[in-house]
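K.L.:
Build me a model:
(one chain, ligands or ions: 1)
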Amino acid sequence: MYSDFKTISTYYDALYVNDREYTPEATKVKELLTRNGVPLHTDLLVLACGTGGHIPYFKDDYHVSGLDLSEDMLDLARKKFPDVRFHLGNLIDFELETDFDAMICMYGSIGFVRTVDNLRASMKRIAAHLRPGGLALITPWSTVEDFQDNIVVNAADRPDLKIARMEQVRLKEPAIVEVTFHHLIGKNKEVTYHKQSMEIGLFSREEYLSAMADAGLQVVEEYTGTDVRGGVYIGKRAAG
Ligand SMILES: C[S@@+](CC[C@H](N)C(=O)[O-])C[C@H]1O[C@@H](n2cnc3c(N)ncnc32)[C@H](O)[C@@H]1O
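P.N.:
As a prediction, the model looks like this:
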């Protein structure tokens, strides 16, 4: 099942993209990239970039481009950042003409590949597009070890757009989490209700690490602090 972001894309930024979370996240990611040998002003690909929420935080320091599976999310990203190159592609099998010095995959977006086989395939595609010594920085979508059922609640309140958001996060199958979005959207003097479920793969730490190692990415660091939502696994492609 592909989790369709069509409807959510139109109000994704209002609900999910904010300086409060993205600033410390991007600052920490840059620190991790630098510490692990990625120089500034090299080629950085933002995987599953969505509407490009992270792009402004990286585009002055790296040659940034993005990749995502959703045309709708990419349309918005392209409008916001006309000078940035965005690729339509699936983590599982993407094939680009360029290689990169680093790739980042934020906010647990890797979980949308859903199965361990797809996780392993994705890591192979990532490794195949990294230059020798290049870095992959992956934020897991929770892990088997730390997952808990949850109900998330918050709201966005802008003059032209008001959203009340509840999301039910529950274990549906042993390795599949179902997120059910209940969004009340107030726009153009009307309130509409949007309900949608998405399925996300719940992988163990070992599954992440072995998928990276078997793809040829040596895990050089794990960041478990709170600046980056979900933490980070960092894999390096062997030099030369
Ligand atoms: C929760 S959004 C996060 C967007 C962005 N990373 C951020 O943090 O703002 C997840 C994104 O992953 C993308 N996605 C889901 N499955 C994908 C896949 N198999 N390959 C590439 N992108 C995918 C979706 O289209 C969506 O834009």
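K.L.:
drop to CA atoms for contacts and neighbour counts, all remaining ones
P.N.:
Will do.
K.L.:
residue boundaries of the helices in this structure?
P.N.:
Taking DSSP state H as the criterion, the chain contains helices spanning 6-9, 12-16, 19-35, 55-58, 71-80, 116-128, 205-214.
K.L.:
isn't Leu91 right next to Leu47, touching?
P.N.:
Yes - using Cα atoms under 8 Å, Leu91 is in contact with Leu47, at 7.5 Å.
K.L.:
Per-residue pLDDT of Tyr238, please?
P.N.:
For the record, residue 238 is Ala, not Tyr. Looking at Ala238, its pLDDT stands at 88.
K.L.:
That one - how many residues pack around it?
P.N.:
The tally of other residues near Ala238 (other Cα atoms under 10 Å) stands at 15.
K.L.:
So the residue of the chain positioned farthest from its centre versus the ligand, what's the distance?
P.N.:
Distance from the C-alpha centroid of the chain, by Cα atoms, centre = their mean, peaks at Lys189 (32.9 Å). Distance from Lys189 to the ligand, counting by Cα to the nearest ligand atom, to the nearest Å: 28 Å.
K.L.:
And that residue, how far from Arg114?
P.N.:
38 Å (Cα to Cα, to the nearest Å).
K.L.:
can you check Glu222 too?
P.N.:
22 Å.
K.L.:
Domains of this protein: list them as residue ranges, please.
P.N.:
6-143+203-237, 150-201 (automatic domain parsing).
K.L.:
just for the protein, where's the confidence low?
P.N.:
Scanning the chain for pLDDT under 70 picks out 1-2.
K.L.:
What residues does the protein have near the ligand?
P.N.:
In this structure, the chain approaches the ligand at residues 5, 48-50, 53, 68-70, 73, 89-92, 106-107, 109, 112-113, judged by Cα under 6 Å from any ligand atom.
K.L.:
Dump the helices of the chain into TSV; add mean neighbour count and distance to Lys172 as well.
P.N.:
Listed next are the helices of the chain as TSV, based on neighbours: other Cα atoms under 10 Å; distance: least, Cα to Cα, whole Å:
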stretch	mean neighbour count	distance to Lys172
helix 6-9	15	22
helix 12-16	15	24
helix 19-35	16	28
helix 55-58	18	33
helix 71-80	18	26
helix 116-128	21	16
helix 205-214	18	19
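K.L.:
and those helices as CSV, adding distance to Ser142?
P.N.:
Shown next, in CSV, are the helices of the chain (distance: least, Cα to Cα, whole Å):
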stretch, distance to Ser142
helix 6-9, 21
helix 12-16, 17
helix 19-35, 16
helix 55-58, 23
helix 71-80, 23
helix 116-128, 14
helix 205-214, 9
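K.L.:
Quick one, which of those gets closest to Phe181.
P.N.:
Nearest to Phe181, of all the helices of the chain, is helix 6-9, at 9.5 Å by Cα to Cα.
K.L.:
Determine the set of other helices and strands touching that closest one.
P.N.:
helix 71-80 (3 or more Cα pairs under 8 Å, 6 or more residues apart in numbering; DSSP states H and E).
K.L.:
Good, we can wrap up now.
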